[in-house]
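Q: With the sequence up front, the predicted model follows.
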Amino acid sequence: MKLAKLINPEYYAREKYRFKTKCKDTLIFVLRWIFLICIAYVILGPIITVVSNSFMSIKEVYNPLIYLIPMNPTLDNIKIAVEKLNYLPVIYKTFSFVLLLMIIQTLICSLVGYGFARFDFPFKKILFGGVILTIIVPIHTIMVPLYTQFRYFDIFGIISLFNGGQPINLLNTKAPIILMTITGMGLRSGLYIYIFRQFFRGLPKEIEEAALIDGAGAIKIFFRIMLPNAVPAIVIVALFSLVWQYNDTFMTSLFMSNAEMISLRLPNVAGSLAQIERITDPRHVELITNSAVLLTILPVIVIYLILQRFFMEGVERSGIVG
């Protein structure tokens, strides 16, 4: 090396630069993987614990030699959780309602997003600012007005006129959530409207102009031309709506506190074990509760695994940015 330095100093400088670059790239590679492993552990650690505890017996919990991987896996915890959740009937009712909301929300938000993207009308910017406010302002801040609105539901006094001067009570029914979804105020509807608006703005106007020349109206253009071209955005919004509606506890507990929804039954598992089953060991209760959590998130995981390819394609091709 010394001889190379004396004979050809430029060669020595290039080799030194290459060595420094290789060391830098190696260090960045190692740090990147350390960072990713740490983030993955923070995210996946609780899920791994839930899965492990779901198949672990109470004897193995108190065995200091066993950690995460049970020696004799058991389904006893899952059987008790299935019974306490009334799992299959509740899952069926939950998904029936959630799928209905998903279809309504996707259709309504696509219509509103298309209107904001293509039409000019009075107060357009102000109304779109209201859409942005629904994204920024937490729904918890308007909890009391929402509750009183549907507790004493009336439309400009028309319902009271035909109901003996009394408004109607829509609480403990599915009507409040369905009405909010139909009117574009459902869970995360502001975000979905924004996604559709950005997507439709990215589509060329020439295809609409050609349809107008052929005599098609706005409704026909939307359903026959624009909506089929919006499949990537539809996939994203439909999946987001399905998952968020399924996991929602705020609106369901506010309007449907007595409904057979999986998100409402899950928090009551621990209490029912102590009152009915007389299971007072906190570690045993923890195992059964983790089994109930696993059963709750399992349908979402299965849906994601089935639709992962369509979801990733939708993210790549949608107009979320732009």
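A: Structure received. Numbers count the residues shown, from 1 in each chain.

Q: pLDDT weak spots in the stretch 1-150 of the chain?
A: Scanning the stretch 1-150 of the chain for pLDDT under 70 picks out the ranges 1-9, 11-12.

Q: let's see it at 90
A: Residue ranges of the stretch 1-150 of the chain with pLDDT under 90: 1-26, 37-88, 117-125, 134-147.

Q: Not counting its neighbours along the chain, what's nearest T134?
A: Nearest residue to T134, sequence neighbours excluded (CB to CB, 6 or more residues apart in numbering): G190, at 3.4 Å. (C-beta placed from N, C-alpha, C; glycine too.)

Q: after the helix or strand where that neighbour lies, next one along is what?
A: In the assignment (DSSP states H and E), G190 maps to helix 189-202. With elements assigned by DSSP H and E, the helix or strand that comes after helix 189-202 is helix 206-213.

Q: quick one: the residue nearest to T134 from T252, how far?
A: According to CB to CB, to the nearest Å, G190 and T252 sit 19 Å apart.

Q: Please export the C-alpha coordinates of the helix holding G190 as PDB.
A: Extracted C-alpha coordinates of helix 189-202, given in PDB (Å, rounded to 0.1, in the frame of the first residue of the first chain):
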ATOM      1  CA  SER A 189     -66.200  10.300   5.900                       C
ATOM      2  CA  GLY A 190     -64.300  13.600   5.600                       C
ATOM      3  CA  LEU A 191     -61.100  11.700   4.800                       C
ATOM      4  CA  TYR A 192     -62.800   9.500   2.300                       C
ATOM      5  CA  ILE A 193     -64.300  12.500   0.500                       C
ATOM      6  CA  TYR A 194     -60.800  14.000   0.300                       C
ATOM      7  CA  ILE A 195     -59.400  10.800  -1.200                       C
ATOM      8  CA  PHE A 196     -62.000  10.700  -3.900                       C
ATOM      9  CA  ARG A 197     -61.700  14.400  -4.600                       C
ATOM     10  CA  GLN A 198     -58.000  14.100  -5.100                       C
ATOM     11  CA  PHE A 199     -58.400  11.000  -7.300                       C
ATOM     12  CA  PHE A 200     -61.100  12.500  -9.600                       C
ATOM     13  CA  ARG A 201     -59.100  15.700 -10.000                       C
ATOM     14  CA  GLY A 202     -56.200  13.500 -11.400                       C
END
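
Q: Buried residues in stretch 47-59, which are they?
A: 50-58 (16 or more other CB atoms under 10 Å).

Q: just stretch 81-98 next, same as before
A: The neighbour-count check on stretch 81-98 (16+ other CB under 10 Å) flags 81, 84-85, 87, 90-91, 94-95, 97-98 as buried.

Q: ok, and what's touching that stretch?
A: For stretch 81-98, contacts defined as CB atoms under 8 Å, 6 or more residues apart in numbering pick out 174, 242, 245-246, 259-263, 265-266, 269, 272-273, 288-289, 291-292, 294-296, 299.

Q: Domain map for the chain?
A: Per automatic domain parsing, the structural domains of the chain span 2-54, 76-317.

Q: Going by distance to G186, which of the buried residues of stretch 81-98 wins?
A: V98 (11.6 Å; CB to CB).

Q: orientation of the helix or strand where that closest one lies relative to helix 206-213 in degrees?
A: Element membership of V98, judged by DSSP H and E, is helix 87-118. Helix 87-118 runs at 80 degrees relative to helix 206-213, counting by axes from the mean of the first three to the mean of the last three CA atoms, to 10 degrees.

Q: For whatever helix or strand comes next after helix 87-118, buried residues please.
A: Sequence-wise, the next helix or strand downstream of helix 87-118 (DSSP H and E) is helix 124-136. Residues of helix 124-136 classed as buried: 128, 131, 134 (neighbour count, 16+ other CB under 10 Å).

Q: wait, the second one sits on Y192?
A: If I follow you right, that is V131. No. Using CB atoms under 8 Å, V131 is not in contact with Y192; the gap is 9.9 Å.

Q: okay, and the common contacts of these two?
A: Here V131 and Y192 have no joint contacts, going by CB under 8 Å, 6+ apart.

Q: Give the helix, strand or coil label for M71.
A: Classification of M71 by DSSP: H, G, I helix; E, B strand; the rest coil places it in coil.
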